Each structure stands twice: as C-alpha cells, then as structure tokens.
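>>> Pasting the sequence and the predicted model now:
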Amino acid sequence: MLDVNKIRADFPILSQKVNGKALVYFDNGATSQKPQVVIDAISKYYQEINANIHRGVHTLSQLATDAYEISRGKLQNHINAKFPHEVLFTSGTTHGINLVANGFASILKPGDEILVSAMEHHSNIVPWQMLCEKTGAILRVIPMNLDGELIMSEYDKLLSDKTKIVTVNHISNALGTVNPIKYMIDKAHEAGAAILIDGAQAVPHLKPDVQELNCDFYVFSGHKICGPTGVGILYGKEAWLNKLPPYQGGGEMIKEVTFEKTTYAELPHKFEAGTPNIAGGIVLGTAVDYMNEVGFDNIQQQELELLEYGTKRLLEIEGLKIFGTATAKTSVISFNIEGIHPYDIGTIIDKLGIAVRTGHHCAQPIMDFFNIPGTIRASFAFYNTTKEIDVMVEAIKKAKVMLS
Ligand code: 7TS
C-alpha cells in the first residue's frame, strides 16, 4: 500500500498555496509534478558535470556522456527494449511522432493508407496528414463508440494490404480509455503494416514492455512521468530504425562529411543530431528510478481508487455528464455540466486553488464526435488523494450555484 502522505512530501510544489488556498493539482495529464530527487538531479548535473557529450576527451565530457548513456540504459530496462540503441532521446512525444512520420515519406506511395484512431491527440494526427500531403497516401480513421472505445470490428475491416502504418494512443488523454493495443499490434502485423503506439498518457500509469507488445515504435514524453520538460523517448525496432532515413542533419549524426557525400552514424546517433537536452536525458533516468521505487502496482492501486471515488462523487452533481466511460479506463475524468461552459467552471475553481484543464485537450475530433466545445478534465496521479477530490466536488458545486 502506498503511504500517500509520505509520497506527497517528495513533491515540494504540492504543499504550496495557490490563490491563498491549498493547491489541488488535477492536471497531471498535461504534465506531472516533480519530486525533490528530480529537482536536485538537475542542479547536480549543472553544478558538477556539465559538459557537452560524445565528443570530448576531457573528464567532465566523459562523465556527462557516461551519465547520459547510463540513463539510456535505464530507459531501455524500463520498457524492456532489446538494445540500448533502439531507445532514442527526443524532445518529447511530438518530436518522436514527427521523426517517424517524416521517415515514412521515403516509404509511402500514392494510394497507400495510414490508419489513425478517432481519439488521437493532434500530435498524432497532424504529422500523418502532412505525410499524406507529401506522398499522396490516404488517412483512414478507426471509429469509436459512445463510451469512447475503439470499434475493433471496424479496425479489422479497415486493415488491408494498402495499410502501411497504424498509429494509435495506448491511453486517450481526453477520455482515459485504455486501448486494446496488443490486439491492434498483432492485427496490423498480420496485414503487413507497421504500428506506432503513442504512449504519452500510458507511461505515467504503467510500464510498457515493448518486446512483449511487439510494437514497431513506442513514443512518450519525460515530463508526464515526473521528469523534466523537453525530453522524451522514441523506441523503434532496430530493423525499422535502420530502414528509416535520418530526420535532422547536423553534428553527432554523421560518420564522415565531405562536400561530395556524407555517411551517417550508427544507431542511436543517426537520429540524435546536435547537442541534445543532456540534463533532461540524464534526469529522465532519475525520474524513472523514482517511479519504479514508488512501484507501478502501488501507483495503479492508488489511481484506481481515485478514479472510482472521483467518478462516484462527481456523478452526485446534478446535470454532470462524463465523457469516456470505457470499461478499460485510467484515472482521467472528462466531464461537463449542463448549461455551463467548461471554461467558466475551470476559472472559478482555480480561484479556490484547484488546477484542472478545460477545453478540447488538443483532441478536437473527439469534441466534434460528442458535439461539445470541450470538457473539464480532472486527471489524477498517485500523489493525489480522495480528500482533494472532495475539495474539488465542493468547489464545483459552489461554481455551479454561482453560474446558474
Ligand atoms: N499524445 C498524447 C496522447 C498526449 O496526451 C500528448 C500531450 C501528446 C501526445 C503530446 O505530448 P508532448 O509532450 O509532445 O506535448 N497531452 C497533453 C494534454 O493532454 N494536456 O496537455 C498536453
């Protein structure tokens, strides 16, 4: 069992007051808070070993390089990748998806098909639309039902020998749905297609095993798992990463440069042009160590309690409707209150110290599907408590009275 008070003491920001009230932070889907060990590790890097990596013979450069590569190894273990060079440092999920989409420009022909799901974040829609514009490929959409679950019989029908890549999130940011990705991966492969999993909203809640999943690509951001902003991971199977062309040209990613011809470096450097976010890469390893110390079983147990309690308490509010009622769901609750704009609720409860997100959550097609302008989204992390949910529910009740 998780000792939540002990865990909360690890996060200095959680004991802050916002607008004179104790902070209730329920915007974990956007970014997680950072424990003291992560904050300290950032300072320690700059105080003790700051140097550019991979190209220095001097001691600090070697220390920084070692720390960066040790962190890559930690991430490799965390997601159970076969090789460290299958684990690329990126600036985040968006970067990872763009890197893969850009690479597929050299593979796709006019008329080839890309399948995306109806519940993607814009960062897993727009890069593929840009790719279609570039190549003449066609984007097809895997539909969902009113509970916010992808319809697998429709997915099966959409797959064909024209499908070259399927791209789907593991967990939806706006609805909390956990998608049946193992089934989807196996089916994509049966059709001869590659598959990318956007794990941005999954990694805060679970530990993906990329070998067991057998996905071709798995992407996520460090800032959603207690790490710093500006760093993320793109896992790709070795064969795919060897096949795709480099994304950006520059230093680090080359073997030899002449004005006549340049040859590219081996993995992972082929995809890591320029000076990376060195501190971010190193400290992402610290963040993953922290999450593993807390333990994903404990995290899931706490978050399930928050989801069940939050759902029950919110539904006590008259006129409140939850969007995203899938059987397999994580600790995200998106909702609206009849006759009230989500933005108004968000603004009023912020005055009471409560941080929730309002709007379309960068998933406009989901809002169009439900025919709503947006939702209020409370996304819980393992350091949240049922008492905080009570505070939010009371605040929403107050806001409702003020607005009606
Ligand atoms: N994919 C999903 C499923 C996401 O939830 C997000 C960010 C991204 C991709 C993009 O991640 P980035 O780190 O590259 O920006 N989601 C959210 C959110 O729900 N609220 O703010 C950011």
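Cool, got the structure.
>>> mind listing the strands for the stretch 101-250 of the chain?
Taking DSSP state E, counting those that start in this stretch, the strands of the stretch 101-250 of the chain run over residues 113-117, 138-142, 163-169, 194-198, 217-221, 232-236.
>>> between those, which gets nearest to the ligand?
Of all the strands of the stretch 101-250 of the chain, it is strand 217-221 that lies closest to the ligand, at 3.4 Å by Cβ to the nearest ligand atom. (C-beta placed from N, C-alpha, C; glycine too.)
>>> Show residues contacting the closest one.
Residues outside strand 217-221 that contact it (Cβ atoms under 8 Å, 6 or more residues apart in numbering): 79, 90, 92-93, 96-97, 100, 194-200, 202-203, 208, 210, 231-237, 240.
>>> Relative to that strand, what are the paired strands and their orientations?
strand 194-198 (parallel), strand 232-236 (antiparallel) (DSSP bridges).
>>> which of those strands sits most buried?
Neighbour counts (mean count of other Cβ atoms under 10 Å) averaged over each of the strands paired with strand 217-221 peak at strand 232-236, with a mean of 28.
>>> got the residues of the stretch 151-300 of the chain near the ligand?
The interface of the stretch 151-300 of the chain toward the ligand, taken as Cβ under 6 Å from any ligand atom, is made up of Asn169, Asn173, Asp198, Ala200, Gln201, Ser221.
>>> Count the residues that sit near the nearest residue to the second one once chain neighbours are set aside.
What that stands for is Asn173. Counting by Cβ to Cβ, 6 or more residues apart in numbering, Asn173 lies nearest to Gln201, which is 4.8 Å off, once chain neighbours are set aside. Residues near Gln201, counting by other Cβ atoms under 10 Å, number 27.
>>> Equivalent analysis for Lys109, please.
10.
>>> Could I get the contacting residues of it?
Thr135, Gly136, Ala137.
>>> buried subset of these?
With burial judged by 16 or more other Cβ atoms under 10 Å, the buried subset of those is Thr135, Ala137.
>>> Just the contacts of Lys109: which are in helices?
Using DSSP state H, the members of the contacts of Lys109 that fall within helices are Thr135.
>>> of the contacts of Lys109, closest to the ligand?
Nearest to the ligand among the contacts of Lys109, with distances taken as Cβ to the nearest ligand atom, is Ala137, at 21.0 Å.
>>> And the helices in the stretch 301-404 of the chain, which stretches?
Using DSSP state H, counting those that start in this stretch, the helices found in the stretch 301-404 of the chain span residues 342-351, 364-370, 386-403.
>>> State the pLDDT value of Glu252.
Note on Glu252: pLDDT of 89.
>>> Quick one: residues contacting it.
Shown in contact with Glu252 (Cβ under 8 Å, 6+ apart): His54, Arg55, Ala265, His269, Glu272, Ala273, Gly274, Thr275.
>>> Apply 7 Å and report the result again.
Neighbouring residues of Glu252 by Cβ atoms under 7 Å, 6 or more residues apart in numbering: His54, His269, Glu272, Ala273, Gly274.
>>> got it, and Gln302?
So Gln302 contacts Leu2, Val4, Phe382 (Cβ under 7 Å, 6+ apart).
>>> and with 10 Å instead?
Contacts for Gln302 were tallied using Cβ atoms under 10 Å, 6 or more residues apart in numbering; they are 1-2, 4, 7, 294, 331, 380-386.
>>> still on that earlier bit, from the contacts of Glu252, list the buried ones, please.
With burial judged by 16+ other Cβ under 10 Å, the buried subset of the contacts of Glu252 is His54, His269, Glu272, Ala273.
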